[in-house]
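Visitor: Sequence isn't available, so here's the structure alone:
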């Protein structure tokens, strides 16, 4: 039997920590999905999602992962041969490409070096050149590198051009203010296990008027993901198939928590956590993978100190302090490690992570404890106020 | 404020009651889906599912509803123009037709009057006549009517003919013994919220060798549902996308509970519940919608007594006794009511339901309390032992 340890703390980009109030709702015996009680909850959750996104778009809750909602976006708008432009800043940008290709799209791409953001002026030129682009796929917050893209500007350009914008906001929605209509976003998808503070299992898709127009003539096969079916059911305060009722009831609570803090304050909190973490890490002499101007408010990627392994750092953090951070993905595996700070995460969690990282690096032979990382973080927090 | 009431008890065909041990697991903070701990659980759950189905088929757990797994069955085996034969005994047989058509299949159908089962000899003739049939869709247990089909015989016929069998076992797997390989089933799908005693949110698909052969040339677009991707990930003890980790951890417990009771005893329990319920209902003078020889072990459909409304009966059961039973679906709405008895359901629940139904019918002006419904149920249980 191992010694007693603190509970595991997830500083990864999802699943993220879940508030106890939400876990308690999930632990209740499920209610019938055709009951009046559930209908009321579904209606309230849908309205609160629209309020959070400041949008008149329809929103549907899918039982499935974020990728399922991305596929719903494609399956309802892309037919074989549709010209799609994908803005690829990492693994999740690449995922849009894969899904679009699976549905027979003709995909063009703009690729960006890992750790850098979409070049908006290059996008503007590309759109000017090629009037045949019907769809643009965008990753708002690139989870694989910790880059945030300028969604406001991108949304504006894509609308000007007349194409539809499909946005993966899985690791941003609920942490970063995204006024969907004001930013001209046609389709936006997100998931339960990130800033919305639930376990994984639900995803959501916002689907606007211009997307419905495209959907009416879209030839791709779909059934579970047919949003016409979802819309018809939602008009009757229901879902077409048995949904994850437990999580939808819990989502009601999570949206209440976000509303009572206020999306502006939630966003300010995430920006502060980013600033604190980056100041502390820099004070320790660590190199950040992303420049300040495109650094994600919810995920920070760090280069390991020379001669140290990412896997050793991750293992020691988990072993000694029960803190879980993420490796790089795919080609970045072993080259960076990633700290998630989205959702139910606070200043003390950043301080704990910084202090634990100092302890771990010392153990691994890279003593940074003389560096005032905590002081730097606390100062940065003060300035961010 | 309402008076204190007993907790709501779901006697519907899903969601079904969830054991407290399982709810407690679901309420734990989620673990990382790329952790060694989760890999071990996923591996164990997959093996236990194969053991329960007595099969060497691959099995994949999808985050999504049962319908999503049905769509996975179609999307991986049906290309535009594929000839599909659908055996339609109700709403869920019809669902196979809708999904197959959405994927461009050429669908032929054999329809059966609501409340009756597939005529196996008619199926044999149909298969003899038409060698072009490549896929047969089957609803093992038709949830909309409470009919069980003879899957053993159907599986044998379809294999003899050389077509693939796609089986919806959403409301039977885990309650009824289904030796998948012995019965020649190529693809079988089920869901979490029925006999597997979890809330809704997961589905499972068993996919055999002959199905993989068809999959290799299947032209339908798919990404989240691409089983090649699932297989590759499972070989590395993982899933391609963030799964509902909480429910998969709980599924481990539910499979342990089923294994420790033993699938034969679980099946015997469900058969006994069916026999008890039917004996009690008949003793009250109520008409059953399905004959004994095709009566489902997990769902019983009942005609309301003359001049009584289904909605009044359901409302009174809920209002006075917090027991939820289901209405008929689609064209059977208001014509039958359905009692689910699958999963975490026992003799005392049947007795409670029968006694409460007697009380409710008396209140509605149809006094059956002089009829020995409880005695009949208890006697039937004794005989079923």
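Guide: Yep, that arrived. Computed from a predicted structure; not experimentally measured.
Visitor: all contacts plus neighbour counts: C-alpha atoms, from now on.
Guide: Noted.
Visitor: what residues does the stretch 151-300 of chain A put near chain B?
Guide: Within reach of chain B by C-alpha under 8 Å from any C-alpha of the partner chain, the stretch 151-300 of chain A has these residues: A:199-201, A:220-224, A:241-246.
Visitor: residue in the stretch 251-385 of chain A nearest to chain B?
Guide: Nearest to chain B in the stretch 251-385 of chain A, going by C-alpha to the nearest C-alpha, is residue A:324, at a distance of 8.3 Å.
Visitor: Not counting its neighbours along the chain, what's nearest that residue?
Guide: Distances taken as C-alpha to C-alpha, 6 or more residues apart in numbering or on different chains put residue A:10 closest to residue A:324, at 5.0 Å, once the chain neighbours are dropped.
Visitor: what about the one you found, distance to residue A:315?
Guide: Note on residue A:10: its distance to residue A:315, by C-alpha to C-alpha, to the nearest Å, is 13 Å.
Visitor: and the two? which has more neighbours close in?
Guide: residue A:10 (25 against 17; other C-alpha atoms under 10 Å in any protein chain shown).
Visitor: For the nearest residue to residue A:341 once chain neighbours are set aside, give me its contacts.
Guide: Leaving out its chain neighbours, the residue that sits closest to residue A:341 by C-alpha to C-alpha, 6+ apart is residue A:298, at 4.8 Å. Counting by C-alpha atoms under 8 Å, 6 or more residues apart in numbering or on different chains, residue A:298 makes contact with A:13, A:146, A:171, A:172, A:175, A:270, A:274, A:340, A:341, A:342.
Visitor: so of the residues you listed, which ones are in strands?
Guide: Under the assignment DSSP state E, the contacts of residue A:298 contribute residue A:340 to strands.
Visitor: low pLDDT regions in the stretch 251-385 of chain A?
Guide: A:385 (pLDDT under 70).
Visitor: Helices of that one, residue ranges please.
Guide: For the stretch 251-385 of chain A, the helices defined by DSSP state H, counting those that start in this stretch cover A:263-283, A:310-321, A:347-363, A:373-384.
Visitor: if you compare those helices, which one is most tucked away?
Guide: helix A:263-283 (a mean of 22; mean count of other C-alpha atoms under 10 Å in any protein chain shown).
Visitor: What distance do you get for residue A:321 to residue B:316?
Guide: Taking C-alpha to C-alpha, one finds residue A:321 at 55 Å from residue B:316.
Visitor: what's the answer for residue A:109, then?
Guide: Residue A:109 is 60 Å from residue B:316, by C-alpha to C-alpha.
Visitor: Kindly report the same for residue A:332.
Guide: 61 Å.
Visitor: The residue positioned nearest the centre of chain A: what's it in contact with?
Guide: Chain A has residue A:171 as the residue nearest its centroid, 1.0 Å off, counting by C-alpha atoms, centre = their mean. For residue A:171, the contact set (C-alpha under 8 Å, 6+ apart) comprises A:13, A:141, A:142, A:143, A:190, A:191, A:194, A:195, A:298, A:342.
Visitor: can you rerun that using 10 Å?
Guide: A:13-14, A:66, A:139-143, A:146, A:148, A:189-196, A:296-299, A:340, A:342-343 (C-alpha atoms under 10 Å, 6 or more residues apart in numbering or on different chains).
Visitor: Pull out the buried members of those.
Guide: A:13-14, A:66, A:139-143, A:146, A:148, A:189-196, A:296-299, A:340, A:342-343 (16 or more other C-alpha atoms under 10 Å in any protein chain shown).
Visitor: So which of the residues you listed sit within helices?
Guide: By the criterion of DSSP state H, membership of the buried ones among the contacts of residue A:171 in helices covers residue A:66.
Visitor: Of the buried ones among the contacts of residue A:171, which belong to strands?
Guide: A:139, A:141, A:142, A:148, A:189, A:190, A:191, A:299, A:340.
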